[in-house]
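Peer 1: any chance you can model this:
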Amino acid sequence: MTSTWPSGLPHMAVALCLKAQVEYMRENFVKSIKLLQSPQVSDAADPFVSSVVANNLGCVQFALMKKGMAGYYFSLSLAANERIRSPSLTGVVKSTFTFSRDHRDQILYNCGVALLALRSPISACECFQEASKTFHHSPWLWLRMGQCCVTQFAYQQLTS
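Peer 2: Down below sits the predicted model:
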(Lines give C-alpha, C1' and ligand atoms only; values in the text may rest on other atoms or scores of the structure.)
Protein backbone atom coordinates (compact mmCIF):
# COMPACT_ATOMS: atom_id res chain seq x y z
CA MET A 1 0.00 0.00 0.00
CA THR A 2 1.33 3.42 -1.00
CA SER A 3 0.73 6.36 1.29
CA THR A 4 -0.57 9.49 -0.36
CA TRP A 5 -0.66 13.24 0.14
CA PRO A 6 -4.03 14.82 0.97
CA SER A 7 -4.64 15.36 -2.74
CA GLY A 8 -4.29 11.63 -3.39
CA LEU A 9 -0.91 12.04 -5.05
CA PRO A 10 1.47 9.16 -4.28
CA HIS A 11 4.75 10.04 -2.63
CA MET A 12 6.62 8.53 -5.58
CA ALA A 13 5.16 11.11 -7.98
CA VAL A 14 6.11 13.94 -5.62
CA ALA A 15 9.63 12.56 -5.30
CA LEU A 16 9.99 12.31 -9.08
CA CYS A 17 8.75 15.87 -9.57
CA LEU A 18 11.28 17.12 -7.02
CA LYS A 19 14.04 15.11 -8.69
CA ALA A 20 13.07 16.64 -12.02
CA GLN A 21 13.30 20.09 -10.43
CA VAL A 22 16.80 19.32 -9.15
CA GLU A 23 17.88 18.14 -12.62
CA TYR A 24 16.39 21.29 -14.15
CA MET A 25 18.40 23.45 -11.75
CA ARG A 26 21.53 21.48 -12.72
CA GLU A 27 20.66 22.21 -16.37
CA ASN A 28 20.32 18.49 -17.06
CA PHE A 29 17.18 19.08 -19.11
CA VAL A 30 16.96 15.70 -20.83
CA LYS A 31 16.91 13.86 -17.50
CA SER A 32 14.36 16.33 -16.16
CA ILE A 33 12.07 15.59 -19.11
CA LYS A 34 12.45 11.84 -18.61
CA LEU A 35 11.52 12.15 -14.93
CA LEU A 36 8.49 14.33 -15.69
CA GLN A 37 7.30 11.95 -18.40
CA SER A 38 7.67 8.83 -16.26
CA PRO A 39 4.43 6.85 -15.85
CA GLN A 40 4.18 7.55 -12.11
CA VAL A 41 3.97 11.28 -12.82
CA SER A 42 2.43 11.69 -16.26
CA ASP A 43 -0.45 9.25 -15.75
CA ALA A 44 -1.84 11.08 -12.73
CA ALA A 45 -5.57 11.74 -12.99
CA ASP A 46 -5.38 14.74 -10.67
CA PRO A 47 -5.67 17.96 -12.73
CA PHE A 48 -3.29 19.72 -10.33
CA VAL A 49 -0.53 17.21 -11.06
CA SER A 50 -1.22 17.44 -14.80
CA SER A 51 -1.04 21.23 -14.63
CA VAL A 52 2.22 21.29 -12.67
CA VAL A 53 3.89 18.65 -14.87
CA ALA A 54 2.87 20.40 -18.11
CA ASN A 55 4.06 23.77 -16.76
CA ASN A 56 7.41 22.25 -15.72
CA LEU A 57 7.79 20.58 -19.11
CA GLY A 58 7.10 23.94 -20.74
CA CYS A 59 9.84 25.55 -18.65
CA VAL A 60 12.29 22.80 -19.63
CA GLN A 61 11.41 23.14 -23.32
CA PHE A 62 11.87 26.91 -23.09
CA ALA A 63 15.31 26.39 -21.53
CA LEU A 64 16.13 24.10 -24.48
CA MET A 65 15.16 27.01 -26.81
CA LYS A 66 12.12 25.09 -28.10
CA LYS A 67 9.72 27.98 -27.64
CA GLY A 68 6.89 26.50 -29.70
CA MET A 69 6.92 23.31 -27.63
CA ALA A 70 7.06 25.41 -24.47
CA GLY A 71 3.93 27.27 -25.58
CA TYR A 72 2.21 23.96 -26.28
CA TYR A 73 2.97 22.65 -22.79
CA PHE A 74 1.86 25.92 -21.21
CA SER A 75 -1.47 25.66 -23.05
CA LEU A 76 -1.85 22.09 -21.76
CA SER A 77 -1.08 23.35 -18.28
CA LEU A 78 -3.71 26.08 -18.57
CA ALA A 79 -6.29 23.54 -19.75
CA ALA A 80 -5.55 21.26 -16.80
CA ASN A 81 -5.66 24.23 -14.45
CA GLU A 82 -9.11 25.16 -15.76
CA ARG A 83 -10.35 21.76 -14.56
CA ILE A 84 -9.26 22.78 -11.06
CA ARG A 85 -11.14 26.08 -11.35
CA SER A 86 -14.30 24.70 -12.98
CA PRO A 87 -17.40 24.30 -10.83
CA SER A 88 -17.66 20.89 -9.29
CA LEU A 89 -20.31 18.50 -10.53
CA THR A 90 -21.76 18.12 -7.06
CA GLY A 91 -22.20 21.86 -6.57
CA VAL A 92 -20.05 21.88 -3.43
CA VAL A 93 -18.31 25.17 -2.73
CA LYS A 94 -14.60 25.02 -3.48
CA SER A 95 -12.36 24.80 -0.45
CA THR A 96 -9.31 26.93 0.32
CA PHE A 97 -7.21 23.88 -0.55
CA THR A 98 -8.62 23.93 -4.08
CA PHE A 99 -7.87 27.62 -4.52
CA SER A 100 -4.32 27.11 -3.27
CA ARG A 101 -3.79 24.66 -6.13
CA ASP A 102 -4.76 27.20 -8.78
CA HIS A 103 -1.57 28.50 -10.41
CA ARG A 104 -3.18 30.14 -13.43
CA ASP A 105 -1.32 33.42 -13.11
CA GLN A 106 2.08 31.73 -12.87
CA ILE A 107 1.28 29.68 -15.96
CA LEU A 108 0.06 32.79 -17.80
CA TYR A 109 3.31 34.59 -16.98
CA ASN A 110 5.31 31.65 -18.37
CA CYS A 111 3.08 31.57 -21.44
CA GLY A 112 3.60 35.30 -21.93
CA VAL A 113 7.38 34.89 -21.84
CA ALA A 114 7.14 32.13 -24.45
CA LEU A 115 4.85 34.24 -26.66
CA LEU A 116 7.19 37.19 -26.39
CA ALA A 117 10.07 34.96 -27.49
CA LEU A 118 7.90 33.75 -30.39
CA ARG A 119 7.51 37.39 -31.51
CA SER A 120 3.87 37.73 -30.55
CA PRO A 121 3.98 40.78 -28.27
CA ILE A 122 0.25 41.56 -28.25
CA SER A 123 -0.72 38.05 -27.10
CA ALA A 124 2.15 38.08 -24.62
CA CYS A 125 0.98 41.39 -23.17
CA GLU A 126 -2.53 39.98 -22.73
CA CYS A 127 -1.06 37.08 -20.74
CA PHE A 128 0.97 39.49 -18.62
CA GLN A 129 -2.10 41.66 -17.98
CA GLU A 130 -3.97 38.63 -16.66
CA ALA A 131 -0.99 37.62 -14.54
CA SER A 132 -0.76 41.16 -13.11
CA LYS A 133 -3.79 40.42 -10.92
CA THR A 134 -1.48 38.36 -8.73
CA PHE A 135 2.00 39.61 -9.64
CA HIS A 136 1.34 43.35 -9.70
CA HIS A 137 4.27 43.83 -7.30
CA SER A 138 6.79 42.02 -9.52
CA PRO A 139 9.19 44.29 -11.41
CA TRP A 140 9.87 41.44 -13.85
CA LEU A 141 6.24 41.46 -14.92
CA TRP A 142 6.32 45.19 -15.67
CA LEU A 143 9.64 44.80 -17.49
CA ARG A 144 8.11 42.10 -19.70
CA MET A 145 5.06 44.28 -20.40
CA GLY A 146 7.39 47.09 -21.38
CA GLN A 147 9.24 44.69 -23.70
CA CYS A 148 5.91 43.87 -25.33
CA CYS A 149 5.18 47.55 -25.94
CA VAL A 150 8.63 48.29 -27.34
CA THR A 151 8.59 45.19 -29.54
CA GLN A 152 5.15 46.03 -30.94
CA PHE A 153 6.24 49.62 -31.60
CA ALA A 154 9.36 48.37 -33.43
CA TYR A 155 7.21 46.04 -35.57
CA GLN A 156 4.91 48.92 -36.46
CA GLN A 157 7.87 51.12 -37.40
CA LEU A 158 9.27 48.40 -39.67
CA THR A 159 5.97 47.92 -41.50
CA SER A 160 5.22 51.61 -42.03
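Peer 1: when you work out contacts or count neighbours from here on, use the C-alpha atoms and nothing else.
Peer 2: Fine.
Peer 1: I'd like the next helix or strand past the worst-scoring helix or strand of the chain on mean pLDDT.
Peer 2: Sorting the helices and strands of the chain by mean pLDDT, DSSP states H and E puts helix 96-100 at the bottom, at a mean of 52. Moving toward the C-terminus from helix 96-100, the next helix or strand (DSSP states H and E) is helix 104-117.
Peer 1: now name the helix or strand holding Thr151.
Peer 2: Counting by DSSP H and E, Thr151 is part of helix 139-159.
Peer 1: same question, Glu27
Peer 2: Going by DSSP H and E, Glu27 is not in any helix or strand.
Peer 1: from Val60, how far out is it?
Peer 2: Here Glu27 is placed at a distance of 9 Å from Val60 (CA to CA, to the nearest Å).
Peer 1: picking up where we left off before, quick one: list the elements packing against the helix holding Thr151.
Peer 2: Judged by 3 or more CA pairs under 8 Å, 6 or more residues apart in numbering; DSSP states H and E, helix 139-159 is in contact with helix 104-117, helix 121-135.
Peer 1: the same query, at a cut-off of 7 Å, please.
Peer 2: helix 121-135 (3 or more CA pairs under 7 Å, 6 or more residues apart in numbering; DSSP states H and E).
Peer 1: run the chain-centre distance for the helix it packs on.
Peer 2: Counting by CA atoms, centre = their mean, to the nearest Å, helix 121-135 is centred 14 Å from the centre of its parent chain.
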